[in-house]
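In: pasted the sequence and its predicted model underneath.
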Amino acid sequence: MTEPLDWRFSQTFGGKGNDDASDADVVSAIEFDQTGDFIAVGDRGGRVLLLERTHDKQSSKKSKLPEYRFYSEFQSHEPEFDYLKSLEIEEKINKIKWCPKQNDAQFLLTTNDKTIKLWKVYEKKIKQVSTSATTTGPSYNGSLASNNTRSPSHTTYIYNSSGAHNMNNNMNNNNNNNSLNNFKIPKLTTRETVVTATPRKIFQNAHAYHINSISLNSDGETYISSDDLRIHLWNLNINTECFNVVDIKPTNMEDLTEVITSAEFHPTSCNIFMYSSSKGTIKLGDLRSSALCDNHAKVFEEYEDPSNKSFFSEIISSISDIKFSRDGRYILSRDFLTLKLWDINMENKPVKTIQIHDYLKPKLCDLYENDCIFDKFECTLNHDGTQMLTGSYHNYLHIYDRNSKQDVCLEASKQATKSKTKTLTTKMKLRSSKKEPKKPEDIHPDAIEYTKKTLHCAWHPKDNLIAVGAANTVYLYAATENK
């Protein structure tokens, strides 16, 4: 059995903890760009924070862990009011997606509940006019100064009919030459370089319900946006129209039984996308079959034993997030209690089901009363699909290794930097070990702080580096192989 990765705390950005966290500062979205050199973080206040990876050789020698630094921050969305429906539209950033880089500029999509914006982020040179330097004759025009400038002692005065006129011309030439010698030419110099963010396109007035997902297509030209009942297809260069590809709104809203919770494009096939529902199903759509994909091509669903159903069954089975693996072979889904890995060729059951916080089953009634049962945890995979990441309560995050079949539990905290590991197949061996770590299943539910939760997470596209958001803080963890 292969050894699990050794995860270590790397960096933190943001506040000191939950006590001083205002609602506007709470992290609501995290996303790496395609290269992994930039991280975009959105918050409830409508702001987007950009972090840039440093490539300093000296700092890398001292610490092998990657380091990021502040790059830019801008206000993406402002609070709005829908006068037709008398509804307030909050500025909270729901999702962020990076677009392909063009020249030296970064492009990214950000969305709140109703409006999607395409932002261009680039380094702008602030220039100023400098007139402090005085130019001399030779530097301005040497031939002019040397040929026309004469000493007053060598001035020849010719007294004839035009003598006075010639003398005046010589005096005027001398005055003109002196003014040229002292002429100040303005110079344009770069005063500073600032990172500027400008909105290139605004996509609005298309969604009647709250937007929960945006996903960029592999063609780099189109993307989809989904709300509770519809999914629209957009072109990045056209913000005046979009195409409806999924519409599950019934004729009579009383017949509504499910809503769309998440949607994503296939990483390599531009015609395939998937979306999840509150019933715990994942549906695959193919744009080649029809423009309107209400009739799905595939449906991934695990049927539950009717004898095990309860009042909370439908709530906890609702899928909060779905992700394709980078090769498009697997689908990772997250509901309230479990993390499931699906093979795209096997629809009847998942390849693996991982219990994230199974110890919360006795507390479902309490979680329902304080609305924690409706929390939407995100999930993600690493570059080769062997590692899976998701969050939990008490600022815990779980990293499941498919090779070693181990579930590594980390606490997103500056103080707690040691990992707690549990092995799903060799529990007895770990219990007999002298260096037995504390297992997540041994955590008592009454000792958990439900206000602390890691809802948002992202994985570096190439390295074993993760970013998680807890309250108003972003934590970075990096891993190395055990030798």
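Out: Yep, that arrived. Residues are numbered from 1 along each chain as shown.
In: going forward, measure contacts and count neighbours with C-alpha atoms only.
Out: Will do.
In: tell me how many other residues crowd T473.
Out: T473 has 21 neighbours, counted by other Cα atoms under 10 Å.
In: how about the nearest residue to it, chain neighbours excluded?
Out: G14 (4.4 Å; Cα to Cα, 6 or more residues apart in numbering).
In: okay, and the beta partners of Q406?
Out: With DSSP bridges as the criterion, Q406 is bridged to D401, T423.
In: that one and D219, how far apart?
Out: Noted for Q406: a distance of 36 Å to D219, by Cα to Cα, to the nearest Å.
In: so which of those two has more stuff around it?
Out: Q406 (21 against 12).
In: I figured the more buried one hits H398, correct?
Out: No: with contact defined as Cα atoms under 8 Å, Q406 does not reach H398; the gap is 10.0 Å.
In: wait, N205 sits on I116?
Out: No: using Cα under 8 Å, N205 is not in contact with I116; the gap is 9.7 Å.
In: what about those two, which has more around it?
Out: Neighbours were tallied for N205 and for I116 using other Cα under 10 Å; the higher tally belongs to I116 (26 against 11).
In: is the more buried one in a bridge, and if so with what?
Out: T111, F203.
In: check contacts around it.
Out: L109, T110, I202, F203, Q204 (Cα atoms under 8 Å, 6 or more residues apart in numbering).
In: point out where the stretch 101-250 of the chain drops to low pLDDT.
Out: Counting by pLDDT under 70, the low-confidence segments of the stretch 101-250 of the chain come to 131-183.
In: what comes into contact with the host helix or strand of E73?
Out: E73 belongs to strand 68-75 when elements are defined using DSSP states H and E. Outside strand 68-75, the residues that touch it by Cα under 8 Å, 6+ apart are 11, 46-54, 195-197.
In: can you list which of those residues are found in helices?
Out: Among these, no member falls in helices (DSSP state H).
In: which among those residues count as buried?
Out: Q11, G46, R47, V48, L49, L50, L51, E52, T196, A197 (16 or more other Cα atoms under 10 Å).
In: now render the contacts of strand 68-75 as CSV, adding distance to F38.
Out: Shown next, in CSV, are these (distance: Cα to Cα, whole Å):
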residue, distance to F38
Q11, 14
G46, 19
R47, 16
V48, 12
L49, 10
L50, 7
L51, 5
E52, 5
R53, 6
T54, 10
V195, 14
T196, 15
A197, 15
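In: next, the buried residues of the strand holding E73.
Out: Buried positions in strand 68-75, judged by neighbour count with 16+ other Cα under 10 Å: Y68, S72, E73, F74.
In: check stretch 347-356 too.
Out: Buried residues in stretch 347-356, counting neighbours by 16+ other Cα under 10 Å, are found at E347, P350, I354, I356.
In: same thing with stretch 354-365?
Out: Of the residues in stretch 354-365, I354, I356, H357, L360 count as buried by neighbour count, 16+ other Cα under 10 Å.
In: next one: that stretch to chain centre, how far?
Out: Centroid separation for stretch 354-365 versus its chain: 29 Å, with Cα atoms, centre = their mean, to the nearest Å.
In: can I get it as CSV, trimmed to CA atoms?
Out: What follows is stretch 354-365, C-alpha atoms only, in CSV (Å, rounded to 0.1, in the frame of the first residue of the first chain):
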residue,chain,number,x,y,z
ILE,A,354,-16.9,8.2,1.7
GLN,A,355,-18.6,9.1,4.9
ILE,A,356,-17.6,12.6,5.8
HIS,A,357,-19.3,13.2,9.1
ASP,A,358,-21.4,10.1,9.7
TYR,A,359,-21.3,10.9,13.4
LEU,A,360,-23.8,13.7,12.8
LYS,A,361,-26.8,11.4,12.0
PRO,A,362,-28.1,11.5,15.6
LYS,A,363,-27.9,15.4,15.4
LEU,A,364,-30.0,15.8,12.2
CYS,A,365,-32.9,17.2,14.2
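In: model confidence over it, on average?
Out: In this model, stretch 354-365 has a mean pLDDT of 87.
In: give me the low-pLDDT residue ranges for the stretch 301-450 of the chain?
Out: 415-445.
In: in it, which spans are helices?
Out: Assigned by DSSP state H, counting those that start in this stretch, the stretch 301-450 of the chain shows helices spanning 313-316, 364-369, 427-432.
In: for the stretch 101-250 of the chain, same thing?
Out: 137-148, 163-181.
In: on that earlier part again, among the buried residues of stretch 354-365, name the ones in strands.
Out: Among the buried residues of stretch 354-365, the ones falling in strands (DSSP state E) are I354.
In: and the buried residues of stretch 354-365 as JSON lines, adding distance to G285?
Out: As requested, those are arranged in JSON lines below (distance: Cα to Cα, whole Å):
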{"residue": "I354", "distance to G285": "26"}
{"residue": "I356", "distance to G285": "29"}
{"residue": "H357", "distance to G285": "31"}
{"residue": "L360", "distance to G285": "34"}
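In: many thanks, I have nothing further to ask.
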